[in-house]
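K.L.:
Build me a structure from this.
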Amino acid sequence: MKQTPKNLAIIGSGLVGSLLAIYLRKQGHSVTVFDRRPDIRTIQFSGRSINLAMSNRGWRSLEKVGIADEIKKIAIPLDKRAMHVTDKPLYYQKYGKEGEAIWSISRGILNRKMIDLAEGSGVVFRFNEKVWDVDLPEAKIYTGETEKGEWKSYQYDLIFGCDGAFSRVRHKMQRRSRFDYSQDFIDVGYKELTIPPNEDGSHKLDKHSFHIWPRGKFMLIAMPNIDGSFTCTLFLPFEGEVSFEKLTTESEAKNFFKTYFPNVRKEIENLTKDFFDNPTSAMVTMKCYPWTYWNKVALVGDSAHAIVPFYGQGMNAGFEDIYVLNDLIEAHGDDWETIFQTYQEHRKPNADAIAELSYRNFLEMSSKTADPKFLLQKQIEKHFAAKHPDKWIPVYSRVTFSDKPYAEALQIGDYQEKIMQAVMKIPNIEEIWDSKEVEYKILDLLKA
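P.N.:
Take a look at the predicted model:
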């Protein structure tokens, strides 16, 4: 159904805000994007970014507005994990079937590109303009240089909050009666480091792999960039025996890397400089409900459902919000109240499911990927799935290489895990893991 053109505001010029702006322009609306920060295209990146992993949900959302091919030019496909386990040779784990991959993209480079594409479609951006207050019933926003200074007011037909986990728009909605809100910080922080390219511009590590150094309660990851470098992220507890609080001097930082990451220590450029110059950032899971106010205001992306980054689904989930919202717009036309109500009812269970899956994947990546029993379990699952693709799709593939609901992936994943726990108790499973006996056992358990 065709919509009547309206005057819309988006708060936040990040990835979700920029893509939503492109979608709304395609629907014929006038769109203005406000951001308290400077234009990211004019500044150096902050050193607090984790590279993005674009997967099926994200690509589907980009394809819908015809920009996927443009974005693939700045991305690198990764079809496997490269596991750097202590005292073991480097080994690889394929992500999915042949041709299935996640795509590594620098957050900053992607954000710059998305703003360019949005501007090219006619979106107006107002940078360095902080929103201090929102009049929800009137869809009016107030901006100014300081909270106590003089404010400007802007009237819109609808407002979309895409301003992240600590959203100003959501903060205003939280003051309403019966608004549920929770935030949960994990006790692990992260810090960005860099592996530079070789002198000829090539990558020092395999560029089609997601590199992981699992070390139990902490880990290092590395994802490739198109300039030949890798963005590394160190995930480490804030406090404890091995933690950020224990690394306060250059010698302590160097000794830490020498002890736990000897094969990459010399590759990390300006190790001590990056370590002490780049901030140590926190990670939070944020949940809230409702996500909308009447037919006037809606939260999209992290402002509605911030998650920890360990499934690589934060951006993908935010982009999927937009895809679903657009489908509802095309179905319901000018009935924004129905659009918003259906949007939040559809997306909320899926946002909660990917939040749970993301936390579980941190436990898997940091400790279980170095556990021989866990690796055997995954091997059995992969072997069975290859023989019976109609009966078994691993939960990772359901999340990453599928458009099925996250809530369905969580539910089926829990069911599959119960089956595998029974399988792993079979005597001598290590010797007979690829036998007919094990295959029939899984089939019987699936029937039961």
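K.L.:
List the residues that contact P262.
P.N.:
P262 makes no contacts at all, as judged by C-beta atoms under 8 Å, 6 or more residues apart in numbering. The way it works is simple: take the backbone N, C-alpha and C, and place the C-beta from them, glycine included.
K.L.:
Could you say which helix or strand holds it?
P.N.:
Using DSSP states H and E, P262 maps to neither a helix nor a strand.
K.L.:
any idea how far H84 is from it?
P.N.:
Separation of P262 from H84 (C-beta to C-beta, to the nearest Å): 10 Å.
K.L.:
Check W103 too.
P.N.:
Distance from W103 to H84, counting by C-beta to C-beta: 21 Å.
K.L.:
Repeat that for T400.
P.N.:
T400 sits 21 Å away from H84, going by C-beta to C-beta.
K.L.:
same question, E345
P.N.:
As for E345, its distance to H84 is 43 Å (criterion: C-beta to C-beta).
K.L.:
In this structure L8 contacts F160, no?
P.N.:
Yes: at 6.9 Å, L8 counts as touching F160 under the criterion of C-beta atoms under 8 Å.
K.L.:
Need the residues touching each of those two.
P.N.:
Residues touching both L8 and F160 (C-beta under 8 Å, 6+ apart) are L24.
K.L.:
neighbour-wise, which of the two wins?
P.N.:
Under the criterion of other C-beta atoms under 10 Å, the comparison of L8 against F160 puts F160 first, with 28 against 22.
K.L.:
wait, is that one part of a strand?
P.N.:
Yes: F160: assigned to a strand according to DSSP: H, G, I helix; E, B strand; the rest coil.
K.L.:
doesn't K6 make contact with it?
P.N.:
No: counting by C-beta under 8 Å, F160 stays clear of K6, with 11.6 Å between them.
K.L.:
Double-check that Q44 belongs to a strand.
P.N.:
No: going by three-state DSSP, the assignment for Q44 is coil, not a strand.
K.L.:
Next, count neighbours for it.
P.N.:
The burial count assigned to Q44 is 7, neighbours taken as other C-beta under 10 Å.
K.L.:
do the one 5 residues further on as well
P.N.:
Applying other C-beta under 10 Å, we find 18 other residues in the vicinity of S49.
K.L.:
Once you drop chain neighbours, what's closest to it?
P.N.:
Leaving out its chain neighbours, the residue that sits closest to S49 by C-beta to C-beta, 6 or more residues apart in numbering is R107, at 4.5 Å.
K.L.:
likewise G413?
P.N.:
Spatial nearest neighbour of G413, excluding adjacent residues (C-beta to C-beta, 6+ apart): V395 at 3.3 Å.
K.L.:
list the contacts for the one you found?
P.N.:
With contacts defined as C-beta under 8 Å, 6+ apart, the neighbours of V395 are L357, A409, L410, I412, G413, Q416.
K.L.:
K296 versus W151, what's the distance?
P.N.:
From W151 across to K296, the span is 19 Å (C-beta to C-beta).
K.L.:
Surely the residue nearest to S49 is in contact with I50?
P.N.:
Yes: taking C-beta under 8 Å as the definition, R107 is a contact partner of I50 at 7.3 Å.
K.L.:
Find the centremost residue of this protein, please.
P.N.:
G314 (2.5 Å; C-alpha atoms, centre = their mean).
K.L.:
hang on, it packs against D302?
P.N.:
Yes: using C-beta under 8 Å, G314 makes contact with D302 at a distance of 6.7 Å.
K.L.:
picking that back up, so E345 and H84 - more neighbours on which side?
P.N.:
Higher neighbour count among E345 and H84: H84, with 24 against 13, using other C-beta under 10 Å.
K.L.:
Tell me how far that one lies from I50.
P.N.:
18 Å.
K.L.:
do the same with I322
P.N.:
21 Å.
K.L.:
More neighbours: which of those two?
P.N.:
I322 (24 against 20).
K.L.:
Tell me where the stretch 51-200 of the chain has helices.
P.N.:
For the stretch 51-200 of the chain, the helices defined by DSSP state H, counting those that start in this stretch cover 56-64, 68-72, 107-120, 168-174.
K.L.:
Can you pull out the low-pLDDT segments for the stretch 151-300 of the chain?
P.N.:
By pLDDT under 70, the weakly predicted segments of the stretch 151-300 of the chain are 269.
K.L.:
For T42, the count of nearby residues, please.
P.N.:
Using other C-beta under 10 Å, T42 is surrounded by 8 other residues.
K.L.:
same question but for P214, I mixed them up
P.N.:
Applying other C-beta under 10 Å, we find 21 residues neighbouring P214.
K.L.:
Next, it: phi, psi?
P.N.:
Main-chain torsions, P214, degrees, to the nearest 10: phi -80, psi 130.
K.L.:
give me the beta-bridge partners of it?
P.N.:
M219 (DSSP bridges).
K.L.:
Relative to A21, how far out is it?
P.N.:
Separation of P214 from A21 (C-beta to C-beta): 39 Å.
K.L.:
can you map out the strands along the stretch 201-350 of the chain?
P.N.:
With strands called from DSSP state E, counting those that start in this stretch, the stretch 201-350 of the chain shows them at 209-214, 219-224, 230-237, 284-289, 292-293, 297-299.
K.L.:
For the fourth one, list the C-alpha coordinates in PDB.
P.N.:
Listed in PDB are the C-alpha atoms of strand 284-289, where the atom choice follows Å, rounded to 0.1, in the frame of the first residue of the first chain:
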ATOM      1  CA  VAL A 284      25.700  -4.500  27.900                       C
ATOM      2  CA  THR A 285      22.500  -6.400  27.100                       C
ATOM      3  CA  MET A 286      19.600  -4.000  27.200                       C
ATOM      4  CA  LYS A 287      15.900  -5.100  27.000                       C
ATOM      5  CA  CYS A 288      12.800  -2.900  27.100                       C
ATOM      6  CA  TYR A 289       9.100  -2.900  26.100                       C
END
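K.L.:
now for that strand, which elements pack on it?
P.N.:
Secondary-structure packing of strand 284-289 (3 or more C-beta pairs under 8 Å, 6 or more residues apart in numbering; DSSP states H and E): helix 168-174, strand 180-185, helix 302-305, helix 336-366.
K.L.:
List the contacts of D302.
P.N.:
D302 makes contact with V16, G164, A165, S167, M286, G314, G318 under the criterion C-beta under 8 Å, 6+ apart.
K.L.:
got CSV for these, with distance to K441 too?
P.N.:
CSV is the format used below for the contacts of D302 (distance: C-beta to C-beta, whole Å):
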residue, distance to K441
V16, 44
G164, 47
A165, 44
S167, 49
M286, 41
G314, 37
G318, 40
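K.L.:
list the buried ones in stretch 352-372?
P.N.:
Neighbour-count burial for stretch 352-372, counted by 16 or more other C-beta atoms under 10 Å, picks out 352-362, 364-370.
K.L.:
Revised request: answer the last question for stretch 146-153.
P.N.:
By neighbour count on 16+ other C-beta under 10 Å, the buried set for stretch 146-153 is W151.
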